[in-house]
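Chemist: would you be able to build a 3D model of this:
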Amino acid sequence: MKFSSSAALAFAATTIAAPSTPTSQDKPRAVQAGCTSAVTLDASTNVWKKYTLHANKFYRTEVEAAVAAISDSSLAAKAAKVADVGSFLWLDTIENIGKLEPALEDVPCDHILGLVIYDLPGRDCAAKASNGELAVGELSRYKTEYIDVIVKILKAHPKTAFALVIEPDSLPNLVTNSDLQTCKDSASGYREGVAYALKNLNLPNVVMYIDAGHGGWLGWDANLKPGAQELAKVYKAAGSPKQVRGIATNVAGWNQWDLTPGEFSKASDAKYNKCQNEKLYLDNFGPALKSAGMPNHAIVDTGRNGVSGLRQEWGNWCNVNGAGFGVRPTSTTGHDLADAFVWVKPGGESDGTSDSSATRYDSFCGKSDAYKPSPEAGSWNQAYFEMLVKNAKPSF
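Modeler: Residues are numbered from 1 along each chain as shown. Predicted coordinates:
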């Protein structure tokens with residue numbers, strides 16, 4: 001998905017994998033869904049203090065199947081606990097909107113269902129592994145067949161709380177990869193599409209976070225201000241929706257929250273990036289967002305960042321070998337701008353194939369620090385899941 005530009009500052013990226021296809025035959029768990037009255041979320045406050053990220057049924061099903069395939073009883077017991085961890089549901093295709101109604105069947109009143117909005121035309125303009133279904137120029141389809149359909153479903157369920165991550169990688173790519181023709185072609189559609197999503201998903205029971213890459217991407221000194229301005233411009237184009245709380249960082253990423261010194265602090269170009277961990281990124285990008293006129297609170301993906309020091313470069317984003325599950329979702333972050341640590345990326349679902357002959361093969365999935373073999377983006381990788389469990393910090 002993300003690609004590191006070859007420019008002087010080596011702009012970095014992470015990965016987003018397109019999650020697996022619907023398995024809506026699952027039976028809902030015996031839990032009362034929704035509240036007795038309509039939900040109203042105050043996006044000027046930290047809603048995670050009140051709501052728990054829901055462990056959605058689709059990831060639960062993947063995990064339970066994975067557990068059944070583990071012969072080591074000790075490891076299986078640990079892996080089984082992953083099913084109860086809240087994580088975001090990826091609506092990465094028009095077809096996968098079909099997951100949404102079934103996912104609502106078991107969300108209790110004190111839980112919030114996390115959704116990733118992720119289907120822009122020309123998606124992932126700087127990489128191949130997670131290119132989307134909509135071509136550049138198909139913005140009308142994005143609006144009518146994707147966003148409008150999701151809006152209709154959310155409006156039909158006013159008694160359930162939703163947290164949305166809006167279009168991972170899109171706006172950050174326009175900041176650092178604007179030299180690529182694919183990103184030039186996608187730029188106007190990205191901006192208009194994200195603005196349309198923000199405006200129309202601005203519902204009382206929804207809180208939104210716009211994807212802002214991570215400290216190794218927009219955290220470079222030369223990227224902080226342009227990055228903040230890019231996000232704020234689209235936010236304002238949407239009419240400054242009141243349900244936008246701020247940003248999502250480290251989505252599907254590997255960066256540490258507060259590791260000091262940072263993972264790449266000894267790199268030759270470290271002097272150009274003061275954001276060596278995600279905490280420092282919020283310390284620096286947060287004020288830049290505020291100056292640009294946009295809300296600046298954040299959720300941080302800690303789903304797979306349990307182990308540090310595995311990557312050779314910031315921009316190596318694909319199926320990092322040796323990774324482990326990270327801190328479980330919590331609103332206890334110790335930082336005023338960090339609303340919560342959450343699991344956005346479903347650990348175990350691949351970032352991209354390591355098969356160099358595949359159409360969607362991205363060279364980052366063939367690097368020496370990438371796990372091999374790995375299937376197509378979004379497909380389940382049993383061995384990788386087991387590795388995440390074994391290396392989890394804190395352990396299960």
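Chemist: residue ranges in the stretch 1-150 of the chain under the pLDDT threshold?
Modeler: In the predicted model, the stretch 1-150 of the chain carries pLDDT under 70 at residues 1-32, 130.
Chemist: helices of that one, residue ranges please.
Modeler: Secondary structure of the stretch 1-150 of the chain by DSSP state H, counting those that start in this stretch: the helices cover 57-68, 73-82, 100-103, 139-141, 148-155.
Chemist: if I pick the residue nearest the centre of the chain, what's in contact with it?
Modeler: Against the mean C-alpha coordinate of the chain, by CA atoms, centre = their mean, the closest residue is Val251 at 3.4 Å. Contacts were defined as CB atoms under 8 Å, 6 or more residues apart in numbering; by that measure Val251 touches 14, 16, 116, 165, 168, 211, 214, 301, 344-345. For glycine as for every other residue, the C-beta is placed from the backbone atoms N, C-alpha and C.
Chemist: before we move on, what about Tyr196?
Modeler: Contacts here follow CB under 8 Å, 6+ apart; on that basis Tyr196 touches 142-143, 147, 238.
Chemist: okay, the residues you listed in CSV with neighbour count and distance to Ala232 next?
Modeler: Formatted as CSV, the entries for those read as follows, by neighbours: other CB atoms under 10 Å; distance: CB to CB, whole Å:
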residue, neighbour count, distance to Ala232
Tyr142, 23, 22
Lys143, 17, 22
Ile147, 21, 21
Ala238, 22, 11
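Chemist: quick check, nearest of these to Ala392?
Modeler: Using CB to CB, the shortest approach to Ala392 within these belongs to Ile147, at 35.4 Å.
Chemist: pretty sure that closest one contacts Asn202?
Modeler: No - contact status for Ile147 versus Asn202: not in contact, 11.6 Å apart, counting by CB atoms under 8 Å.
Chemist: tell me where the chain has strands.
Modeler: Remark: strands of the chain, listed N- to C-terminal, are 52-53, 89-91, 111-117, 161-166, 206-211, 244-249, 297-301, 338-342; assignment by DSSP state E.
Chemist: tell me how far Phe88 lies from Leu113.
Modeler: For Phe88, the distance to Leu113 under the criterion CB to CB, to the nearest Å works out to 9 Å.
Chemist: between the two, what contacts are shared?
Modeler: With the criterion set as CB under 8 Å, 6+ apart, the overlap between the contacts of Phe88 and Leu113 is 56, 163.
Chemist: what's the spacing between the lengthiest helix in the chain and its chain's center?
Modeler: The longest helix of the chain (DSSP state H) is helix 181-200. Here helix 181-200 is found 18 Å from its chain centre; the criterion is CA atoms, centre = their mean, to the nearest Å.
Chemist: list the buried ones in it?
Modeler: Of the residues in helix 181-200, those scored as buried under the neighbour-count criterion (16 or more other CB atoms under 10 Å) are 182-183, 186-187, 189-198, 200.
Chemist: cool, stretch 45-55 as well?
Modeler: Buried residues in stretch 45-55, counted by 16+ other CB under 10 Å: 46-48, 51, 53-55.
Chemist: between the two ends of it, how far is it?
Modeler: 23 Å (CA to CA, to the nearest Å).
Chemist: contacts for that stretch?
Modeler: 41, 83-88, 107-108, 110-114, 161, 163, 207, 245, 297, 299, 329, 331, 339-340, 342-343.
Chemist: quick one: contacts for Met333?
Modeler: Slight slip there: residue 333 is Thr, not Met. If a contact means CB under 8 Å, 6+ apart, then Thr333 has 257, 300, 339-341 as its contacts.
Chemist: at 7 Å instead, please
Modeler: Taking CB atoms under 7 Å, 6 or more residues apart in numbering as the contact definition, Thr333 lies against 340-341.
Chemist: of Phe88 and Leu113, which one has the most company?
Modeler: Here Phe88 and Leu113 are compared on neighbour count by other CB atoms under 10 Å; more neighbours surround Phe88, at 29 against 24.
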